[in-house]
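Enquirer: With the input below, show me the fold.
(one chain, ligands or ions: 4)
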Amino acid sequence: HAKQRENSTCPYTQTMRHGLQRRQVMSERLSAAINEHKLKLYFQPQVDLISGRLTGAEALCRWYDAELGWVSPCEFIPLAEECGLIRMHGDWLLTEAARQLSVWQTGNTPLPGRLSVNLSAQQFADPHLTAHIARLTAGVPPSAIGLELTESEFMRDPDQAVEITHTMRRAGYLLAIDDFGTGYSSLAYLRRFAADTLKIDISFVREMLENKNDRTIVKTIIAMAQALEMKTVAEGVETPEQARLLAEMGCNEAQGYWFGHPLPADEFAAAWLTP
Ligand code: C2E
Ligand code: CA
Ligand code: CA
Ligand code: CA
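Expert: Ligands and ions are numbered 1, 2, ... in the order given. As a prediction, the model looks like this:
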C-alpha cells in the first residue's frame, strides 16, 4: 500500500493553524512588501552530474518581515495566489531575474546556462504570457531563461498547456516540468508538452538510497525522459551518495544542498561565477 507523499518540498506549516488572523496580517504585509519590492531573490546552483560544472541556477524568492520574521515561499506564494497578488509578484520576479542576469553579464561574471524561475498557475493561464515575459525580460536572450511549472499545473488544462508550451518554445524559452512524479501526467501528454527538462521531485530523491521503490521510480523517470529526449534534473540532492547514484542512473543535472544552498546574488556570484 502506497505511502502518502508530501506534495511539496515544504514542511507542513504549523503556523497556518493560527488561521485567519495570521493570514489577514500576512496578506496585508505581503501586499505592501510586493508593492515596495521588499522580497529578495536567492539563487541555487544547478550542476552537471558528470563534469560538476554549473549549468544554471534557480531563482527562489525570500521574504523577511519585521513582525513575522522569515516566511517560507510555501506559505506566501499560495497566499499571493489567493489574494490576487501573484501576477504582481510574478512580474517583479521576471523583471528582477532579468536585471540580475544583465548585472552579471556586464560585470563580466555571466551565468552559464539558464536562470530558472517558477511560474504560478495563474500566470500560466494568461494567454499572452509569452509576449508578456518577453516584454519584462527584454535585453536578455530567451535562451538564458528557464521557466518552471509544476506537473500539476500542467495537468489542470493539459490541452491549453500543450499550446502555451509550444508558443514558449518557439519564442526560445527553456521549459521544465517541476516536481515531476507527483502530478499524474499521462505519457501521452508528456510527449506533447514542449518541455525540454523534467525535474525529479525531491520526495523520490530523499530516500532513494534506502527505499527500493523510490529508486525504481527515479530510474523510470530518467528512462522516460531519455525516451522523450528530455533532460533530467534531480532536486533535493543532499549527499554525495545520492549524487553518485543519480549520475550512474543517467540523470543529467542536480540541485540541492550537497552542491549549494540558495544564496543572495552577491554571495552566489562570489561562490559560483568566475570572471
Ligand atoms: P521548488 O520550485 O520545488 O523549489 C525547490 C525548493 O527546494 C526550494 O524551496 C529550495 O530551497 C528547496 N531545496 C533545494 N535544495 C534542497 C535540498 O537539498 N534539500 C531540501 N530539503 N530542500 C531543498 P523554497 O525556496 O522554500 O521554495 C519552495 C517553493 O516555493 C518552490 O519549490 C517554488 O514552487 C515556490 N517558489 C519560490 N519562489 C517562488 C516565486 O518567486 N514564484 C513562484 N510562483 N513560486 C516560488
Ligand atoms: Ca515544489
Ligand atoms: Ca522550481
Ligand atoms: Ca521542485
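Enquirer: report the longest helix in the chain, please.
Expert: When the chain is parsed with DSSP state H, its longest helix is helix 86-106.
Enquirer: What residues of that helix count as buried?
Expert: 86, 89-94, 96-101, 104 (16 or more other CB atoms under 10 Å). (Each C-beta comes from the backbone N, C-alpha and C, glycine too.)
Enquirer: what about it and ligand 3, any contact?
Expert: No. With CB under 5 Å from the ion as the criterion, ligand 3 is not reached by helix 86-106; the gap is at least 11.8 Å.
Enquirer: Show me which residues of the stretch 51-200 of the chain are close to ligand 1?
Expert: Residues of the stretch 51-200 of the chain found near ligand 1 (CB under 6 Å from any ligand atom) are Leu60, Cys61, Ser72, Pro73, Cys74, Ile77, Leu93, Asn118, Ser120, Asp178, Asp179.
Enquirer: Go again with 8 Å.
Expert: Contact residues (CB under 8 Å from any ligand atom) of the stretch 51-200 of the chain with ligand 1: 58-62, 72-74, 77, 80, 86, 89-90, 93, 117-120, 123, 148, 150, 178-179, 199.
Enquirer: In ChimeraX, select just the buried ones from these.
Expert: Written as a ChimeraX command, the selection of buried residues from those, which uses 16+ other CB under 10 Å, is:
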select :58,59,60,61,73,77,80,86,89,90,93,117,118,119,120,123,148,150,178,179,199
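Enquirer: give me the subset of the residues of the stretch 51-200 of the chain next to ligand 1 touching ligand 2.
Expert: Okay, of those touching ligand 2 (CB under 5 Å from the ion), that's Asp179.
Enquirer: quick one: what helix or strand has Gly172 in it?
Expert: Assigned by DSSP states H and E, Gly172 belongs to neither a helix nor a strand.
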